[in-house]
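Asker: I would like to see how this sequence folds:
(one chain, ligands or ions: 1)
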Amino acid sequence: MKISFKTTGPSQGRSGRFKRRSRSLSQSSTDSYSSGSYSGSSSDEDDVSPREKVQYNSKNFKDFCVRNIKQAAFGRREIEIAEQEMPGLMLLRKRAEGEKPLKGAKIIGCTHITAQAAVLIETLHALGANVRWSACNIYSTQNEVAAALAEAGFPIFAWRGETEDDFWWCIERCILSDDWQPNMILDDGGDATHMMLKKCPETFKLIKGIVEESVTGVHRLYQLSKSNKLSVPAMNVNDSVTKVKFDNLYCCRESILDALKRTTDIMFGGKQVVVIGYGEVGKGCCAALKGLGAIVYITEIDPICALQACMDGFRVVKLDEVVRIADVIITASGNKNVVTRQHLDRMKNGCIVCNMGHSNTEIDVDSLRTPDLTWEKVRSQVDHIIWPDGKRILLLAQGRLVNWSCSTVPSFVVSITATTQALALIELFNAPQGRYKKDVYLLPKKLDEYVASLHLPAFDAHLTELTDEQAKYIGLNKAGPFKPNYYRY
Ligand SMILES: NC(=O)c1ccc[n+]([C@@H]2O[C@H](COP(=O)([O-])OP(=O)(O)OC[C@H]3O[C@@H](n4cnc5c(N)ncnc54)[C@H](O)[C@@H]3O)[C@@H](O)[C@H]2O)c1
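Answerer: Numbers count the residues shown, from 1 in each chain. Okay, here's the model as predicted:
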């Protein structure tokens, strides 16, 4: 099947480790979860900065900066494992490789550098693009994967444990290079976009399109657009259906258990768990916990979500009503201070507290830094907070995204997001003049549907085709899009 990248027209977007180094706490580092990875395999014990080393790959290529090129073989195996679980992206690669829809694209990438991201990078290359890549987070790079990419000849500038200065240096190395005039940006957090706009405004004007994944990056783009400073079209991948539904719901459904098990070895059967917020993330967490026999309580502010929780068989309560009996409390509201010191004071001994929502604002962790309480590190990402009477609570990842900090994210979900990113790049790069203005857009519905369809063969799922009569009856084109933009899924 040939891919058609034509669409019915653009849909207008809508607005919206605890080392002591400042960069790690930047927003872009904390809100981009979809491709982040907790990898026990990377090591940053090497004290010599990669910037001070001269390294060559086996073909004498040296336009890269990674921790240790010798780890390449190990990284390649990691990439091969990820490829197995990224069927949609691999199918896109196979289908579009002949057409080379990204021929001529020169992409600056700034994302987490993980095995899954490597599959994306190699796909973009197979589709004709030239790329230069740096990390959007100073701790998430899998060093061996970065080495494997460098060994394959990609200009990669990233290692786990970069300093703030290293971080910006790496991005700069991607933007500025002899014989290189970038024309696309794939960003996760908005840092590459920001740097290019500030440091190379003339080059920025030549960019054909920006694809942004994170909440923060998208927010920055809308701000730029509002103040008329966005001189190129941008695509908000964060709000595409295939991102929100799959990353927020299904990814969290799997990774909440993974994160809690890895950190606490907890058995879920019969445990009393409170989930704060019954949105996509909360729904995913609750479904998984219920499946393992936990007794789940929900807190909500929104009557619709609260009613959904009731229909799904959960008790909707105020946190105050259950805080004393809870074994586990999980925040998933995207709000701030939904768990306060007053709540923490009333929790029972051994209660586990963690956050699945945006950034680190949901649990008032700062309120626990008082002289009367003792912090005791139990394991990586696990702290005991001890009250004067001996009561302990377990705080995971110091209130940051627990799945992102303490587990790995399923490759299949990353495949969906990465396919969305690749298609957004293809769409912006190939769009005829005038289709996209200097504004922020959502991925056209048809491409969203295409992302999903690329992942169906992995399940041997067979779609039903509309008959002509049926298509006419419900007023649809037989090839889609199958839903209006306002449809909620
Ligand atoms: N951990 C991850 O991997 C991951 C993945 C995607 C999104 N997120 C983040 O998780 C958060 C939730 O995402 P979502 O897609 O479920 O959002 P959502 O808006 O669908 O759901 C949040 C829910 O919390 C409720 N809420 C808000 N304030 C509340 C309060 N004080 N008490 C109780 N309920 C409250 C809202 O009514 C809403 O229903 C966001 O911050 C999002 O960025 C995390």
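Asker: Who are the contact partners of the closest residue to the ligand within the stretch 151-300 of the chain?
Answerer: In the stretch 151-300 of the chain, the residue that lies nearest the ligand is residue 279 (1.7 Å; C-beta to the nearest ligand atom). (C-beta placed from N, C-alpha, C; glycine too.) Contact partners of residue 279, counting by C-beta atoms under 8 Å, 6 or more residues apart in numbering, are 248, 305, 332, 333, 334.
Asker: Let's see which of those end up in helices.
Answerer: Among the contacts of residue 279, the members found in helices (DSSP state H) are residue 305.
Asker: picking that back up, how close does the residue of the stretch 151-300 of the chain closest to the ligand sit to residue 305?
Answerer: 6 Å (C-beta to C-beta, to the nearest Å).
Asker: got the end-to-end distance for stretch 358-374?
Answerer: By C-alpha to C-alpha, to the nearest Å, the extent of stretch 358-374 from end to end equals 26 Å.
Asker: Quick one: mean pLDDT for that stretch?
Answerer: Throughout stretch 358-374, pLDDT has a mean value of 93.
Asker: Tell me which residues are up against it.
Answerer: 27, 30-31, 215, 276, 331, 333-341, 344, 353-355, 375, 385-388, 395, 398-401.
Asker: from those residues, which would you call buried?
Answerer: In these, burial by neighbour count holds for 27, 30-31, 215, 276, 331, 333-334, 338-339, 341, 344, 353-355, 385-386, 395, 398-401, counting by 16 or more other C-beta atoms under 10 Å.
Asker: Show me which residues of this structure sit near the ligand.
Answerer: Proximity of the chain to the ligand is confined to 33, 215, 247-248, 251-252, 276-282, 299-302, 305, 332-335, 338, 356-358, 401, 403-404 under the rule C-beta under 6 Å from any ligand atom.
Asker: and the residues you listed, which of them are in strands?
Answerer: When DSSP state E defines the strands, the subset of these inside them is 276, 299.
Asker: Now do the contacts for the closest residue to residue 118 other than its chain neighbours.
Answerer: When the adjacent residues along the chain are set aside, residue 118 lies closest to residue 79, with 4.7 Å between them (C-beta to C-beta, 6 or more residues apart in numbering). In this structure, residue 79 makes contact with 115, 118, 119, 122, 145, 148, judged by C-beta under 8 Å, 6+ apart.
Asker: let's go with 6 Å and repeat that
Answerer: When contacts are counted by C-beta atoms under 6 Å, 6 or more residues apart in numbering, residue 79 is found next to 115, 118, 148.
Asker: which residues sit in contact with the closest residue to residue 76 other than its chain neighbours?
Answerer: Once its chain neighbours are removed from consideration, residue 76 has its nearest residue in residue 148; the separation is 4.4 Å (C-beta to C-beta, 6+ apart). With contacts taken as C-beta under 6 Å, 6+ apart, residue 148 has the following neighbours: 72, 75, 76, 79.
Asker: how about a cut-off of 8 Å?
Answerer: Applying C-beta under 8 Å, 6+ apart to residue 148 gives the contacts 71, 72, 73, 74, 75, 76, 78, 79, 118.
Asker: That one: what secondary structure?
Answerer: Assigned state for residue 148: helix (three-state reduction, DSSP: H, G, I helix; E, B strand; the rest coil).
Asker: wait, what's in contact with residue 122?
Answerer: Residue 122 sits next to 79, 93, 149, 152 when contact means C-beta under 8 Å, 6+ apart.
Asker: Could you rerun that using 7 Å?
Answerer: For residue 122, the set of contacting residues under the criterion of C-beta atoms under 7 Å, 6 or more residues apart in numbering is empty.
Asker: State the phi and psi torsions of it.
Answerer: Recorded main-chain torsions at residue 122 are phi -70, psi -30, according to degrees, to the nearest 10.
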